[in-house]
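Q: okay, here's the prediction I keep looking at, along with the sequence it came from:
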Amino acid sequence: MNTRCLAVFLAVSVAGLCSCGAVPATKYYQLKPPAEVTSASASGPLPITLLVGPLKASHLYREDRLVYATDSEAMGTYQVHRWAQPPTEMLQELLWRSLRASGRYSAVNVLTSGSRGDFLLEGNLYDFKEISGSTLAARVSLGLELHDMKTGAIVWTHAYAHDEPVNGKTVSEVVAALDQNAQRGVSEAETSLNEYFVAHPNR
């Protein structure tokens, strides 16, 4: 084979390789942030500084891939459908934003090495996944704890677990159901936390 024929052969070979099935583009999703609208009581915010700490979870929810499971609880992850942040970080941010937007507390901050506050809110994310089977659902379950920073005691706990039906069969519709479920879970936790402080005004 002469040099010209070899060049043509290589060019055709490369073109053939490039056209053999393009790699699917990775799609990223995120939870909707809460509306920045306060609903503080007429008496003003409570003189409390809340710190929102990270959520503990299995490595599946500390990574960015969407998780799915079957009725038999066999689990896997999507390769090209990913979260913009790991679910643990998205839920922490959602809690922080929601509590801050409520206007019920003098300050709500994300926990850092130099943070100072009256109470620390943290917990565990147990489920944040698609459940496929006879029906399709978006499962969210988490447990939260409130720690008194002065005593170290756990003064409040809250558990949330719910399967949100998915209106469709696409990954985007699963994400929408997970978002709705997460928003409901955070809203219920916020309501319960507010009820605790109303019942314990001297905290």
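A: Right, received. Where do you want to start?
Q: Ala182 reaches Gln92, doesn't it?
A: No - at 11.4 Å, Ala182 does not count as touching Gln92 under the criterion of C-beta atoms under 8 Å. For the C-beta atoms, the positions are set from N, CA and C on the backbone; glycine is no exception.
Q: neighbour count winner among these two?
A: Ala182 (25 against 22; other C-beta atoms under 10 Å).
Q: okay, and that one sits in which element?
A: Using DSSP states H and E, the element containing Ala182 is helix 171-199.
Q: now Ala22, what's its secondary structure?
A: Secondary structure, DSSP: H, G, I helix; E, B strand; the rest coil: Ala22 is coil.
Q: do you know how far it is from Val80?
A: 12 Å (C-beta to C-beta, to the nearest Å).
Q: in terms of neighbours, single out the busier of those two.
A: Neighbour count, other C-beta under 10 Å: between Ala22 and Val80, Val80 has more, with 13 against 7.
Q: who's in contact with that one?
A: Pro24, Ala25, Thr26, Lys27 (C-beta atoms under 8 Å, 6 or more residues apart in numbering).
Q: pull out the buried members of the residues you listed.
A: Among the contacts of Val80, none counts as buried by neighbour count (16 or more other C-beta atoms under 10 Å).
Q: return the subset of those lying in strands.
A: Lys27 (DSSP state E).
Q: from the contacts of Val80, which shows the smallest pLDDT?
A: Minimum pLDDT for the contacts of Val80 is recorded at Pro24 (83).
Q: quick one: strands adjacent to the lengthiest strand in the chain?
A: Using DSSP E, we find that the single longest strand of the chain is strand 119-132. Using DSSP bridges, strand 119-132 pairs in its sheet with strand 46-56 (parallel), strand 65-70 (parallel), strand 137-148 (antiparallel).
Q: residues near Thr112, how many?
A: 9.
Q: quick check: Tyr61 touching Glu89?
A: No - using C-beta under 8 Å as the test, Tyr61 is too far from Glu89 to be in contact (9.6 Å).
Q: which one's more surrounded, these two?
A: Neighbour count, other C-beta under 10 Å: between Tyr61 and Glu89, Tyr61 has more, with 25 against 16.
Q: hang on, that one in a helix?
A: Yes - when classified by three-state DSSP, Tyr61 is found to be part of a helix.
Q: mind checking how far it is from Gln30?
A: 15 Å.
Q: over to Leu50?
A: 23 Å.
Q: now swap in Asp179 and tell me
A: Noted for Asp179: a distance of 9 Å to Gln30, by C-beta to C-beta.
Q: over to Met75?
A: Going from Met75 to Gln30 by C-beta to C-beta gives 22 Å.
Q: how near is the nearest residue to Val52 once chain neighbours are set aside to Val108?
A: Spatial nearest neighbour of Val52, excluding adjacent residues (C-beta to C-beta, 6 or more residues apart in numbering): Trp96 at 4.3 Å. Between Trp96 and Val108 the computed distance is 6 Å (C-beta to C-beta).
Q: mutual contacts of these two, please.
A: Residues touching both Trp96 and Val108 by C-beta under 8 Å, 6+ apart: Val52.
Q: name every strand pairing with the helix or strand where Tyr78 lies and say which way it goes.
A: Assigning secondary structure by DSSP H and E places Tyr78 in strand 75-83. Neighbouring strands of strand 75-83 in its sheet, by DSSP bridges, are strand 27-29 (parallel), strand 65-70 (antiparallel).
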